[in-house]
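[1] predicted model and sequence follow; I will ask about them next.
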Amino acid sequence: MSQLTLLTAKGITKRFGGVQALGDVSFTINHGEIYGLIGPNGAGKTSLFNVLTGIYTPDAGSFTFDGEPLDRLKPNEVAERGIARTFQNIRLFQNLSALENVMIGRHVRTKATVFGAVFRDKATVAEEAAIEKRAYELLEYVGVAKRANDLAKHLAYGDQRRLEIARALATEPKLLTLDEPAAGMNATETQALKRLLEDIRRDGTTILLIEHDMKLVMNVCDRVLVLDYGKKIAEGSAAEVQNDPKVIAAYLGGEVTLEKRA
Amino acid sequence: MSNQHRKKSIPPKVWAGVVLVAIALALLPFVAAMVGQAWVRILNFAMIYTMLALGLNIVVGFAGLLDLGYIAFYAVGAYVYALLASPHFGVHLPFWVILPMGAGLACIFGVLLGAPTLKLRGDYLAIVTLGFGEIIRIFLNNLNAPVNVTNGPQGVNLIDPFKIGSFSFTRPETLLGVSFSGPQKYYFMLLLLTIGVIVLNLRLQNSRLGRAWEAIREDEVAARAMGINTRNVKLLAFAMGASFGGIAGGLFSATQQFVSPESFGLFESIIVLAMVVLGGMGHIPGVILGALLLTLLPEVLRYTMEPLQMALFGRVLLDAETIRLLVFGIALVAIMLYRPAGLWPSAVRKRELEVKPETP
């Protein structure tokens, strides 16, 4: 079982003043899974992300990632361990080209120092070439290679989302965490995103997905965790969660039943 | 196959351009000397300021950390040179020993400034760095008692000029049939060093580290999420920037042969920052342009404003110094209004990709 488990969260709690953003949230993510995280607005999804990726320190609880504890690490150390993320409000390096954005993602897996930069020794030159090659491959992988030399801020919205995924993938993550990647996308773009997520999973990266687009979540996720008011209210397969009365209540209020999908 | 792609052949047009620029730079001090040796000295100072501005550009332009006390590192470099190559302590080390020492000490000061300010950004960082710059200046001003280290406000005089063995850079001399004045010899020495500093900066920018700096400038949170150790990378920006400042300071000492604390006031910091901002933050050619303009333009105004007024009004209404600052100020405001990204902002760096399909 432990071989299967990639990430274990135990009793994660986070308070902001009097507000409890997360209360005793526990879950596990298995290798090779697409794990969904849903919940109404303000349920604590992004807080959970931020705690996981080291931006916030949890008040209680702990994460175990790939067999090692993940506590009190800085965001860059979390990335080094193999968790990469995207942001709910796209946070690209706006004034750098798409390619450079992805090249920066390679930072954590490369080694060149000041001396390498200044003297351009063989190893550094080779590393630079490899960084550029890999970055370009990743741009092709997510489908924005044509815009490689455009500034990130000049990319279309959907392309920016994809570029953020490419940048995250450049860090060679074991777990890719995506914060609402489909937000603002039209149906076609969402379809393409779904295919991309499946490709990423097929190529061996586990995905943790926060998403509001229920159709996408239900289609692509193996298991789903539902948060409401910072508490875990359900966990299970898409179908199980969809029919869970607590989930329906959280989204729609107690009386109404969720329309069943064909 | 891949070797074919890797080889970057430089087109003949670029070569021709390089040769032309090289010839122009080689002839420049002789042309300037026709107007007056003073202009050769002005060119020399322009190069020193170029190095200084490039150093600040690392901190402000690449890493996006607003530093208003940058002149402090220049002061450190200048005083290291002044104290180790002057009669003040009776020490006369050669310049190639002192310049690295000055750069090293400035680098240490850079880290000292950087370490406590890691979490500050924007205005707050500006205030702290401003204070740091003033602290250094005040120290230099007051370190003449109880032990006379810096000679206080009088400054250090009779600093050694550049010298390689018995080849002095101050004496006029005829080499290979061309007669060089002292400032002209300095010019070529400084030109070499400036080119070196420019190459270093270009290489730093186009490296893993340079990209990390730019990532921090663009979005620090995202940079950290991408695994960049922002603490180390920021410290490195301060350290590298300060080192270049230290080198420029040493060269200033050797060129001016006199230093005093008043050369390192807040106004100087602001001028250097103006060079970076006006030229185009983060864009090396832009910063060089900014540095050259802001050193040369005031001098041009100094030499032309009084004759111009005499010709127009028959008398001098405003003295050169006043009008110089006035024109300078108006120019700065105009540039910031009409070209807020600087005179020569960076374009997207196009990359030649090896993986590009070849067109037959």
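    Perfect, I can see it now. Residues are numbered from 1 along each chain as shown, chains lettered A, B, ... in the order given.
[2] any stretches of the chain with poor pLDDT?
    Using chain A. A:1-3, A:254-262 (pLDDT under 70).
[3] wrong one, I was asking about chain B
    Ranges of chain B meeting pLDDT under 70: B:1-9, B:348-360.
[4] in it, which spans are helices?
    Remark: helices assigned in chain B by DSSP state H are B:2-6, B:12-35, B:37-57, B:71-84, B:95-114, B:122-142, B:182-205, B:208-218, B:220-225, B:230-256, B:266-279, B:284-313, B:320-338.
[5] deepest of those, which one?
    helix B:71-84 (a mean of 29; mean count of other Cβ atoms under 10 Å in any protein chain shown). C-beta here means a position set from N, CA and C on the backbone, and glycine is covered the same way.
[6] packing partners of it?
    strand B:91-92, helix B:95-114, helix B:122-142, helix B:230-256, helix B:266-279 (3 or more Cβ pairs under 8 Å, 6 or more residues apart in numbering or on different chains; DSSP states H and E).
[7] if you set the cut-off to 10 Å instead, what comes out?
    helix B:37-57, strand B:91-92, helix B:95-114, helix B:122-142, helix B:230-256, helix B:266-279 (3 or more Cβ pairs under 10 Å, 6 or more residues apart in numbering or on different chains; DSSP states H and E).
[8] between the ones you listed, which gets nearest to chain A?
    In terms of Cβ to the nearest Cβ, the element of the helices and strands packed on helix B:71-84 nearest to chain A is helix B:230-256, at 6.7 Å.
[9] name the residue of the stretch 101-250 of chain A that lies nearest to chain B.
    A:Val108 (2.9 Å).
[10] contacts only, for that residue.
    A:76-77, A:79-82, A:84, A:170-173, B:212, B:226-229 (Cβ atoms under 10 Å, 6 or more residues apart in numbering or on different chains).
[11] burial of the nearest residue to B:Asn157 once chain neighbours are set aside, as a residue count?
    Leaving out its chain neighbours, the residue that sits closest to B:Asn157 by Cβ to Cβ, 6 or more residues apart in numbering or on different chains is B:Phe258, at 5.3 Å. B:Phe258 is flanked by 16 other residues according to other Cβ atoms under 10 Å in any protein chain shown.
[12] how about the residue nearest the centre of chain A, secondary structure?
    With distances taken as Cα atoms, centre = their mean, A:Thr177 lies nearest the centre of chain A, 1.5 Å away. Using DSSP: H, G, I helix; E, B strand; the rest coil, the structure places A:Thr177 in strand.
[13] check contacts around it.
    A:7, A:29, A:35, A:37, A:48-49, A:52-53, A:78, A:83-86, A:168, A:206-210, B:225.
[14] out of these, which sit inside helices?
    Assigned to helices by DSSP H, the following of the contacts of A:Thr177 qualify: A:Leu48, A:Phe49, A:Leu52, A:Val78, A:Ala168, B:Ala225.
[15] what two of those have the greatest distance between them?
    A:Leu48 and A:Ala168 (17.3 Å; Cβ to Cβ).
[16] find the nearest non-adjacent residue to whichever residue of chain B sits closest to chain A, please.
    Residue nearest to chain A within chain B (Cβ to the nearest Cβ): B:Gly227, separated by 2.9 Å. In space, and not counting its chain neighbours, B:Gly227 is closest to A:Val108: 2.9 Å by Cβ to Cβ, 6+ apart.
[17] A:Gly116 too?
    A:Thr124 (3.6 Å).
[18] check for me that that neighbour belongs to a helix.
    Yes: applying three-state DSSP, one finds A:Thr124 inside a helix.
[19] and it, how many neighbours?
    A:Thr124, neighbours per other Cβ under 10 Å, totals 21.
[20] identify the residues contacting A:Arg85.
    Neighbour list for A:Arg85: A:49-50, A:52-55, A:75, A:78-79, A:91, A:164, A:168, A:171, A:173, A:175-179, A:208, B:222, B:225-226 [criterion: Cβ under 10 Å, 6+ apart].
[21] so what's it bridging to?
    A:Thr177 (DSSP bridges).
[22] check A:Leu37 too.
    Beta-bridge partners of A:Leu37, as defined by DSSP bridges: A:Ile210, A:Leu225.
[23] surely it touches A:Phe27?
    Yes: contact status for A:Leu37 versus A:Phe27: in contact at 8.6 Å, counting by Cβ atoms under 10 Å.
[24] who touches both of these two?
    Common neighbours of A:Leu37 and A:Phe27 (Cβ under 10 Å, 6+ apart) are A:Leu48, A:Leu208, A:Leu225, A:Leu227.
[25] which stretches of the stretch 101-250 of chain A form strands?
    Assigned by DSSP state E, counting those that start in this stretch, the stretch 101-250 of chain A shows strands spanning A:175-179, A:206-210, A:223-228, A:231-236.
[26] quick check: which of those is nearest to B:Val31?
    strand A:175-179 (60.6 Å).
[27] buried residues, that closest one. List them.
    The neighbour-count check on strand A:175-179 (16 or more other Cβ atoms under 10 Å in any protein chain shown) flags A:Leu175, A:Leu176, A:Thr177, A:Leu178, A:Asp179 as buried.
[28] what's the angle between that strand and strand A:206-210?
    Strand A:175-179 and strand A:206-210 are oriented at 10 degrees to each other (axes from the mean of the first three to the mean of the last three Cα atoms, to 10 degrees).
[29] got the contact list for A:Leu216?
    So A:Leu216 contacts A:Gly36, A:Pro181, A:Ala182, A:Met185, A:Thr190, A:Gln191, A:Leu193, A:Lys194, A:Leu197, A:Leu209 (Cβ under 10 Å, 6+ apart).
[30] residues in contact with the nearest residue to it once chain neighbours are set aside?
    Distances taken as Cβ to Cβ, 6+ apart place A:Ala182 nearest to A:Leu216, at 5.3 Å, with adjacent residues excluded. By Cβ under 10 Å, 6+ apart, the residues touching A:Ala182 are A:158, A:161, A:189-191, A:193-194, A:197, A:209, A:211-213, A:215-217, A:220.
[31] same thing but at 7 Å, please
    With contact set as Cβ atoms under 7 Å, 6 or more residues apart in numbering or on different chains, A:Ala182 has these partners: A:Thr190, A:Leu193, A:Glu211, A:Asp213, A:Leu216.
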